[in-house]
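Student: Would you be able to build a 3D model of this:
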Amino acid sequence: MKPKFAKLLCTALLAAALPVWAAVSRDDAAAIAQQQTGGRVLAVERMDAGGRPAWRVKVVTPNGEVRVIVIDAATGRPM
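Tutor: Residues are numbered from 1 along each chain as shown. Got it, this is the predicted structure:
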């Protein structure tokens with residue numbers, strides 16, 4: 001195997017092995033939580049939810065209640 005090809009192959013295999021952290025962006029997670037609650041987003045943070053990447057979205061609802069919505073970073077579904 002030629003060194004250049006071996007290096008390219010190793011790079012490709014490593015890139016394929018690296019997990020993509022989130023298919024759902026921070027802005028997408030905020031929009032999902034806002035749509036679910038009808039509230040205003042206060043903060044969005046990355047988190048680990050039982051071994052799955054997720055977004056923790058803090059919102060204040062129209063009636064003043066502060067809620068935390070956890071959004072699956074892979075699917076965009078509330079957990």
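
Student: hey, let's count contacts and neighbours off CA atoms from now on
Tutor: OK.

Student: can you give me the helices in this protein?
Tutor: Residue ranges of the helices in the chain, as given by DSSP state H, are 3-17, 26-37.

Student: among these, which gets the worst mean confidence?
Tutor: Comparing mean pLDDT over these, the weakest stretch is helix 3-17, at a mean of 56.

Student: Against Arg40, how distant is Pro62?
Tutor: 8 Å (CA to CA, to the nearest Å).

Student: Looking at these two, which is more packed in?
Tutor: Arg40 (18 against 11; other CA atoms under 10 Å).

Student: Now do the contacts for the more buried one.
Tutor: Gln34, Val59, Val60, Thr61, Pro62 (CA atoms under 8 Å, 6 or more residues apart in numbering).

Student: at 7 Å what do you get?
Tutor: Arg40 makes contact with Gln34, Val59, Val60, Thr61, according to CA atoms under 7 Å, 6 or more residues apart in numbering.
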